[in-house]
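[1] Okay, here's the prediction I keep looking at, along with the sequence it came from:
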Amino acid sequence: MHSGETGHRLGRIPLVLGMPVIVCQNFDVNGGVVNGSIGTLVKIRYKLDNNNGHRILTSAVVRLPDAASSDMTALTGNDYPVLEDTV
């Protein structure tokens, strides 16, 4: 997929549990979830496209060991949600 079709974002990228990820925006500076933070992908949620059977990412959970513990009751320790980019 040409980057012009995706607003210069990656069109498709394989996601594998346990793969390293890097945060590319400052989300919670005081909590340490900042640009350049390195973590691990621990959960993937997706929906199916009924037209072609492709899986489309809706959210993921990333473990960031150097960030402060998350206050979200459904997540453990240093796990943080990553949601679909709607910009």
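    Here it is on my side, so go on.

[2] roughly how far apart are K43 and N35?
    K43 sits 22 Å away from N35 when distances are taken as Cβ to Cβ, to the nearest Å. Using the backbone N, CA and C atoms, a C-beta is placed for each residue, glycine as well.

[3] Counting neighbours, go ahead and name the busier of the two.
    A count of neighbours by other Cβ atoms under 10 Å puts K43 above the other of K43 and N35, at 14 against 11.

[4] Confirm that that one sits in a helix.
    No. Remark: K43 does not belong to a helix; assigned using DSSP: H, G, I helix; E, B strand; the rest coil, it is strand.

[5] so what's it up against?
    17, 60-61, 79 (Cβ atoms under 8 Å, 6 or more residues apart in numbering).

[6] one more time with 10 Å, if that's ok
    17, 59-63, 75, 79, 81-82 (Cβ atoms under 10 Å, 6 or more residues apart in numbering).

[7] Show me what counts as buried in the helix or strand bottoming out on mean pLDDT in the chain.
    For the chain, the helix or strand with the lowest mean confidence is strand 79-83, at a mean of 86 (criterion: mean pLDDT, DSSP states H and E). Using 16 or more other Cβ atoms under 10 Å as the burial criterion, the residues of strand 79-83 that qualify are 79-80, 82.

[8] could these go into a markdown table alongside distance to I22?
    Listed next are those as a markdown table, based on distance: Cβ to Cβ, whole Å:
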| residue | distance to I22 |
| --- | --- |
| D79 | 16 |
| Y80 | 13 |
| V82 | 12 |
